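J.: Coordinates for the following, if possible.
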Amino acid sequence: MEPRILIDKEKIKAFCEKWRIIEFYLFGSVLRDDFGPDSDVDVCVRFSPDAPWSFWELVEMKLELEEQFCRPVDFLEADAIRNPYRRREIERNRKLIHAEA
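T.: Predicted structure coming up:
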């Protein structure tokens, strides 16, 4: 499963360092053949335990990614996914783009 868009790994790394993200995944149509010009980019992240972001900071992160990918972004925090079926589906069909060393 390779992303259907260009991923600048250095920009993703800088984004993750700035926002204390320890894991950055893509999932959904961006990894499938049905990804098209109108598709959004599904992103799932896991934050460092000491990163208590506000709602507005999460919105800022989403907007930064939309600017980077030049398309809408569906931004999820891994630990906030409560539905076990949804969580399992994302975990099965995701691609790790960046992990803290």
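J.: so where does the residue nearest to the spatial centre of the chain fall, helix or strand?
T.: Centroid-nearest residue in the chain, with Cα atoms, centre = their mean: residue 43, separated by 2.2 Å. If you go by DSSP states H and E, residue 43 is part of strand 41-47.
J.: Just the residues contacting that strand, thanks.
T.: For strand 41-47, contacts defined as Cβ atoms under 8 Å, 6 or more residues apart in numbering pick out 5, 16, 19-30, 53, 65, 69, 71-79, 81, 90, 94. The way it works is simple: take the backbone N, C-alpha and C, and place the C-beta from them, glycine included.
J.: Quickly run through the sheet partners of that strand, with directions.
T.: Take DSSP bridges as the rule and strand 41-47 pairs in its sheet with strand 21-27 (antiparallel), strand 73-77 (parallel).
J.: Would you mind pulling the contact partners of the shortest one?
T.: Which is strand 73-77. For strand 73-77, the surrounding residues in contact (Cβ under 8 Å, 6+ apart) are 28, 40-47, 58, 61-62, 65-66, 90.
J.: circling back to that earlier point, of the strands paired with strand 41-47, give the one that comes closest to residue 99.
T.: When those are compared by Cβ to Cβ, strand 21-27 sits nearest residue 99, at 5.3 Å.
J.: Residues touching that closest one, excluding its own?
T.: Strand 21-27 is contacted from outside by 3, 7, 12, 15-16, 41-48, 51, 78, 90, 93-100, using Cβ under 8 Å, 6+ apart.
J.: All good on my end, thank you.
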